[in-house]
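**Student:** sequence first, predicted model second:
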Amino acid sequence: MREKWRPEHQRRRMVNWRLVKKATRIEMLQERRVLEQELQHHVMEVRVKLDGMHVGSKGDAYHQSLVECAALTSENTALREALERQTSIKARLQRETDEFLEQLRPVDSPLLPPTLSSHNKAARCVQLPKNESSFYFTPFTKVEYDAILSRNEFADSPPCTATIGKILGWTVHYSPLTPTAPGGSLTARARFTRRLRCSLNESWGILPRLGKKLWPVLVTPRSWGLTQTGDTFCQVLQDFSQNGHVMVCNLPGEVSLRYLVLARHRRQTRSDGKREDTYTMTIGDSQANTRNRDVEGSSDDIQWVLEGGIGSRSLRWTNQPSMSSSTSGLDA
């Protein structure tokens, strides 16, 4: 009987101890609030007195500085507690929002909207971070991928270029505005060249292994860095090889810019026997993805960019321990 009584007695004793501790903590918090109110009241009274008197001695000045210091300390403590409460509330709301959206839009859900499933069963939902709007993506065929990259005119040197100067060590060759197609939008093309003291093998070991966040951004809004700021996000959607990808890039803002980019890195030997590395990135689209966007409908906070590209070529001269690098592209 005694053995059964001891655990129950211990449990009751711990419950009473917790209740006493909780009551003591509440009493201390109440006492702290009363003392803070008294301190604020005292500070206000002293401030009123000091405002109406002239500091005539070092003692008065010292007393005034102590009062000001106490007031600032009290205000600082109150502001810190308010910020901590605000941060805690914001974090909890963000966490609950993310959990709610995750329940509404599961990442691995195989279900498609009826309008999409009726015409394109290969489309899949792509989720983006930070609550950016999702979209449906249909993988490119190998024929589409190769065709878009093969007709990428931005990787070639633009015609009728004029050397206009240097910027950050790069020589700038500029081409006049030209339409991308009859009746299409005007584009400005430029070519940047520079001689690098680096072997092609060294560049091969560095450039292809850079993180996707360090890759060039093909589109930059006019307000970038002013009213529109944030981290760009790139996500690989499809792999054709170790160095061939289809990605989606998103630039956040009040109106987020988004585009599909086809990227490829190739090493080949030219007819003169010199090795050549070519890095190509171009904005691409397909009929299936165009239909996906038409079915989903337009959005006021998303703008899809359908033109743009960049090509970078590095050449290694066999008779010198260096290579020349050139980059050509456009601002659509």
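**Tutor:** Perfect, thanks for sending it.
**Student:** could you use CA atoms for every contact and neighbour count after this?
**Tutor:** Noted.
**Student:** which SSE is immediately downstream of the longest strand belonging to the chain?
**Tutor:** Secondary structure of the chain per DSSP state E: the longest strand is strand 256-269. Counting by DSSP states H and E, the element after strand 256-269 in chain order, helix or strand, is strand 275-283.
**Student:** avg pLDDT for that next one?
**Tutor:** Taken as a whole, strand 275-283 carries a mean pLDDT of 82.
**Student:** following the chain past it, name the next helix or strand.
**Tutor:** Using DSSP H and E, the first helix or strand after strand 275-283 is helix 287-296.
**Student:** so which elements touch that next one?
**Tutor:** In this structure, helix 287-296 makes packing contacts with helix 114-117, strand 135-137, judged by 3 or more Cα pairs under 8 Å, 6 or more residues apart in numbering; DSSP states H and E.
**Student:** quick one on the thing from earlier: other SSEs contacting the longest strand of the chain?
**Tutor:** For strand 256-269, the elements it packs on are strand 244-251, strand 275-283, strand 302-304, judged by 3+ Cα pairs under 8 Å, 6+ apart.
**Student:** how does it look with 10 Å?
**Tutor:** Counting contacts by 3 or more Cα pairs under 10 Å, 6 or more residues apart in numbering; DSSP states H and E, strand 256-269 packs against helix 142-150, strand 233-241, strand 244-251, strand 275-283, strand 302-304, strand 309-316.
**Student:** about what we covered before: hey, least reliable of the helices and strands packed on helix 287-296 by pLDDT?
**Tutor:** When these are compared by mean pLDDT, helix 114-117 comes last with a mean of 48.
**Student:** would you mark the buried spots in the next helix or strand after it?
**Tutor:** Scanning forward in sequence from helix 114-117 by DSSP H and E, the next helix or strand is strand 124-126. Within strand 124-126, the residues scored as buried using 16 or more other Cα atoms under 10 Å are 124, 125.
**Student:** need the helices and strands packed on strand 256-269 in JSON lines (columns: mean neighbour count and distance to residue 21).
**Tutor:** JSON lines is the format used below for the helices and strands packed on strand 256-269 (neighbours: other Cα atoms under 10 Å; distance: least, Cα to Cα, whole Å):
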{"stretch": "helix 142-150", "mean neighbour count": "14", "distance to residue 21": "69"}
{"stretch": "strand 233-241", "mean neighbour count": "16", "distance to residue 21": "50"}
{"stretch": "strand 244-251", "mean neighbour count": "21", "distance to residue 21": "53"}
{"stretch": "strand 275-283", "mean neighbour count": "21", "distance to residue 21": "65"}
{"stretch": "strand 302-304", "mean neighbour count": "16", "distance to residue 21": "55"}
{"stretch": "strand 309-316", "mean neighbour count": "22", "distance to residue 21": "67"}
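**Student:** would you format those as JSON lines with distance to residue 216 included?
**Tutor:** JSON lines is the format used below for these (distance: least, Cα to Cα, whole Å):
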{"stretch": "helix 142-150", "distance to residue 216": "17"}
{"stretch": "strand 233-241", "distance to residue 216": "11"}
{"stretch": "strand 244-251", "distance to residue 216": "11"}
{"stretch": "strand 275-283", "distance to residue 216": "9"}
{"stretch": "strand 302-304", "distance to residue 216": "18"}
{"stretch": "strand 309-316", "distance to residue 216": "8"}
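**Student:** what's the average pLDDT for the longest strand of the chain?
**Tutor:** Here strand 256-269 scores 86 as its mean pLDDT.
**Student:** before we move on, what SS does residue 219 have?
**Tutor:** What DSSP: H, G, I helix; E, B strand; the rest coil gives for residue 219 is coil.
**Student:** low-confidence stretches in this structure?
**Tutor:** Scanning the chain for pLDDT under 70 picks out the ranges 1-7, 46-63, 88, 90-121, 152-160, 178-186, 205, 207-208, 222-230, 311-332.
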